[in-house]
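Trainee: sequence and predicted structure, then a few things I'm wondering about:
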Amino acid sequence: MNYFTKTRVLIAVIVVLAITLLATMGTMVYGYYRQKLLANQYASNPQGRMEQQAQFLSNRLELTPEQEDIFRKSRDKFHTNTVDIKRKIQKVSVDIINELSAPEPNLELIDSLIKQYGKLHETEKKIMIDHLLEIKSAFTPEQFDKFQEIVRHTHRRQMQMHRQRFKNERMRRGDSISPRNQ
């Protein structure tokens, strides 16, 4: 191969790699901004997201209009009751961190905050259980089985995303954890 042929081949390879790199970067940027747009959309309109989820469940579970009404009322009551509790849980969590950050932390105060934190979580779980029992009573056994499968699938996906995020954070920090023995 002569010099000019090698040069043309190298230029062609460089052009193809540059186009591939630009396409990859474009896809990454598009994905980032799309995800950011969706996150902002859901943050600015949580009611819209709840309605979208309700429509998804209604279609998947084939709910009757009466069942949809029961589900919607129970869901709204659940979210109304848990918003305040979640806010209190966050406040207690911040109070614990602030107390731990003090020059001389008050262990009695930390202990009482931990108890308060536990009671708030207990209340939140009781509200969730009441909500689930209420909607369970409106579902047929087949619908509730489908509902449980949707919940399990969603939980598995969230756990996978959590593990992946944790793994990515470890890799960014340069931490290494030896693999589990199986």
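Mentor: Everything's here; your move. Numbering: from 1, shown residues only.

Trainee: which helix or which strand is home to the most centrally placed residue in the chain?
Mentor: Closest residue to the average C-alpha location of the chain: Gln158 at 5.9 Å, with CA atoms, centre = their mean. When elements are assigned from DSSP states H and E, Gln158 belongs to helix 141-173.

Trainee: with Leu132 instead?
Mentor: helix 107-138.

Trainee: quick one: low-confidence parts of the protein?
Mentor: 1, 42-43, 45-47, 49, 170-182 (pLDDT under 70).

Trainee: what do you get if the cut-off is 90, keeping everything else the same?
Mentor: 1-8, 31-84, 100-102, 105, 128, 131-148, 150-151, 154-155, 157-182 (pLDDT under 90).

Trainee: remind me, longest helix of it?
Mentor: helix 3-44 (DSSP state H).

Trainee: that one: what's the following helix or strand?
Mentor: Next along from helix 3-44, by DSSP H and E: helix 46-61.

Trainee: quick one on the thing from earlier: from the chain's centre, how far out does the longest helix of the chain sit?
Mentor: 28 Å (CA atoms, centre = their mean, to the nearest Å).

Trainee: what angle do that helix and helix 46-61 make?
Mentor: 100 degrees (axes from the mean of the first three to the mean of the last three CA atoms, to 10 degrees).

Trainee: use 36 as the first number for this chain going forward.
Mentor: Will do, 36 is the new start, and the previous item becomes helix 38-79.

Trainee: counting by contacts, list what helix 38-79 packs against.
Mentor: helix 81-96 (3 or more CB pairs under 8 Å, 6 or more residues apart in numbering; DSSP states H and E). C-beta here means a position set from N, CA and C on the backbone, and glycine is covered the same way.

Trainee: good, we can wrap up now.
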